[in-house]
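Enquirer: Got a predicted structure here, sequence first:
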There are 2 protein chains.
Amino acid sequence: MTRADVNGVTGPADVCSTAMTAPETRNERKERTRRALLDAALRQASERGFAGLSLREIAKQAGVVPTAFYRHFESMDELGVTLVEESMRALRTMIRGARNAPGGSADLIRASVRTLSEHVRSHEEHYWFLVRERYGGTGAVRQTIGVELKLLTGELAVDLARFDGLRTWSTEDLRMLADLIVSAMLATVMELLEARPGSDAEILAAAERKLRLIFLGVPHWRST
Amino acid sequence: MTRADVNGVTGPADVCSTAMTAPETRNERKERTRRALLDAALRQASERGFAGLSLREIAKQAGVVPTAFYRHFESMDELGVTLVEESMRALRTMIRGARNAPGGSADLIRASVRTLSEHVRSHEEHYWFLVRERYGGTGAVRQTIGVELKLLTGELAVDLARFDGLRTWSTEDLRMLADLIVSAMLATVMELLEARPGSDAEILAAAERKLRLIFLGVPHWRST
DNA sequence: ATTTTCAGTGAACGACTGTACACTCAATCT
DNA sequence: AGATTGAGTGTACAGTCGTTCACTGAAAAT
């Protein structure tokens, strides 16, 4: 067995196991293996944390011998960087989606929370990875995520400044508000990840109410 | 060298290094070594996470040979359980302190935030451990902390029910409010841990303002 | 048709892990 | 004074880990 069943990633995911194995070009095969390695790594990192990654297990799960790993990544660290970038891109995509979606502020809170939950559900491993490494990680990975999160919080603060009751707020207060919202939503993400998917509705309802409560206070804030 | 300089835990922490090494009873020595092992483990876990603990490094840092570890703990898992219990006890102590401290609600928010920061600063390693394992941990440790945190949130909800504007709130809404407060304070703890100690004042000021904003919304909440 | 390229292979390395066992020797008990 | 206990020691084992190296063989380039 040198070609068949490779990159099957534990399961019957591969089509055409005996018949013609698809006329793949060499680059296509390489890219496919690279993705298999990344997928395996992301799954493992979302379960046991980045520090608990094992090159050998990643390779095994990708259907490849350990040393083949180095044909795609110079070292484990490079894999880590790629993983962080990929997960952050997913997160940014979601934020952008929530920002541009509704237009009318009729029920912006409900729409945003819904966007959040849908994105978390369709990228669970990415979010597990981000949350895990944000708090549990070591050194560079944690800091990178922290910086990026601060950046996103800053963008949120700018967005908030365009709302009716917030136009007169100082940037410092806007930042505080954005911080509060982000930490509440981060806790919501954690709840979603830990809950069995059935109880999404309650979690989202609670998240909505938290945001509503926060914005109830806004008109009565005496800016410093 | 069989006795001198043991349990010094890297540093000039030991008194009487050459002269009479204190008339310690056997149980006292045992307890001292046990503590040295726990301290070393906590420090390492707060830096590299519980999963990154190394029995050999713990023993080395405690000034003891690796196998001596088993005179104090049956396995690494037992050490982990002890660490969780100890850290949770520290956390509960703080919560209780913040609850009983002020009496007059003159500036309860400021007092509570101050209590929080002081306790975090004097138990940094415990808090690092808790935050790390809450999010980054695996299996039993993470779940234990999660359950305990939910319990503390529930207690906070009960406490909140006794305040003026909150007496008519449903338990569900109180729970939501407590959740929001806890997640905001958890984010504050994280900020404190990551910041260099000089910038505590700003972090605490921001934390205060977040709580004030939340409570500004309370009078206008229409309970569901 | 021949040469070149290179993803994937398999053995081997040195360093690390948790744990088991037989040992020493001073504090404690009888 | 003598026997017992038990914290701490040193060696050893089987298992991980990331990484290196020379290799094979089919696809791509000539």
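Expert: Nice, I can see it.
Enquirer: The strand or helix carrying residue A:202 - contacts with which helices or strands?
Expert: Using DSSP states H and E, residue A:202 maps to helix A:200-217. Packing partners of helix A:200-217 (3 or more CB pairs under 8 Å, 6 or more residues apart in numbering or on different chains; DSSP states H and E): helix A:108-122, helix A:171-194, helix B:171-194, helix B:200-217. Every C-beta, even on glycine, is put in place using the N, C-alpha and C of the backbone.
Enquirer: Tell me where chain A has helices.
Expert: A:26-48, A:55-62, A:76-100, A:108-122, A:124-136, A:140-160, A:171-194, A:200-217 (DSSP state H).
Enquirer: who wins for proximity to residue B:60 among those helices?
Expert: When these are compared by CB to CB, helix A:124-136 sits nearest residue B:60, at 24.0 Å.
Enquirer: Run through who's touching the closest one.
Expert: Residues outside helix A:124-136 that contact it (CB atoms under 8 Å, 6 or more residues apart in numbering or on different chains): A:42-43, A:45-47, A:49-51, A:83-84, A:86-88, A:90-91, A:120, A:141-142, A:145-146, A:149, A:186, A:189-190, A:193, B:49, B:131-137, B:190.
Enquirer: Identify whichever of the helices and strands packed on helix A:200-217 lies nearest to DNA strand D.
Expert: Closest to DNA strand D of these, according to CB to the nearest atom of the strand: helix A:171-194, at 24.4 Å.
Enquirer: distance between the closest one and the chain's centre?
Expert: Distance of helix A:171-194 from the chain centroid (CA atoms, centre = their mean, to the nearest Å) equals 15 Å.
Enquirer: With only the CA atoms kept, save that helix in CSV.
Expert: Extracted as CSV, the C-alpha positions of helix A:171-194 are listed here (Å, rounded to 0.1, in the frame of the first residue of the first chain):
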residue,chain,number,x,y,z
THR,A,171,-13.0,56.8,23.0
GLU,A,172,-12.0,55.5,26.3
ASP,A,173,-15.6,54.8,27.3
LEU,A,174,-16.3,53.2,23.9
ARG,A,175,-13.3,51.0,24.4
MET,A,176,-14.7,50.0,27.8
LEU,A,177,-18.0,49.2,26.3
ALA,A,178,-16.5,47.1,23.5
ASP,A,179,-14.4,45.2,26.1
LEU,A,180,-17.5,44.4,28.1
ILE,A,181,-19.3,43.2,25.0
VAL,A,182,-16.4,41.1,23.8
SER,A,183,-15.9,39.4,27.2
ALA,A,184,-19.6,38.6,27.4
MET,A,185,-19.6,37.1,23.9
LEU,A,186,-16.4,35.2,24.6
ALA,A,187,-18.1,33.6,27.5
THR,A,188,-21.1,32.8,25.3
VAL,A,189,-18.7,31.1,22.8
MET,A,190,-17.3,29.0,25.6
GLU,A,191,-20.8,28.0,26.7
LEU,A,192,-21.8,27.0,23.1
LEU,A,193,-18.6,24.9,22.8
GLU,A,194,-19.2,23.1,26.1
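Enquirer: quick one: is that helix near chain B?
Expert: Yes - using CB under 8 Å from any CB of the partner chain, helix A:171-194 reaches chain B at A:173, A:176, A:177, A:179, A:180, A:182, A:183, A:184, A:186, A:187, A:190, A:194.
Enquirer: So which of the helices of chain A is nearest residue B:29?
Expert: Closest approach to residue B:29 among those (CB to CB): helix A:124-136, 35.1 Å.
Enquirer: Now mean pLDDT too, for the helices of chain A, in TSV please.
Expert: TSV is the format used below for the helices of chain A (pLDDT from 0 to 100):
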stretch	mean pLDDT
helix A:26-48	97
helix A:55-62	98
helix A:76-100	92
helix A:108-122	95
helix A:124-136	94
helix A:140-160	93
helix A:171-194	97
helix A:200-217	97
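Enquirer: Helix A:171-194 and the helix holding residue A:202, what's the angle between them?
Expert: 170 degrees (axes from the mean of the first three to the mean of the last three CA atoms, to 10 degrees).
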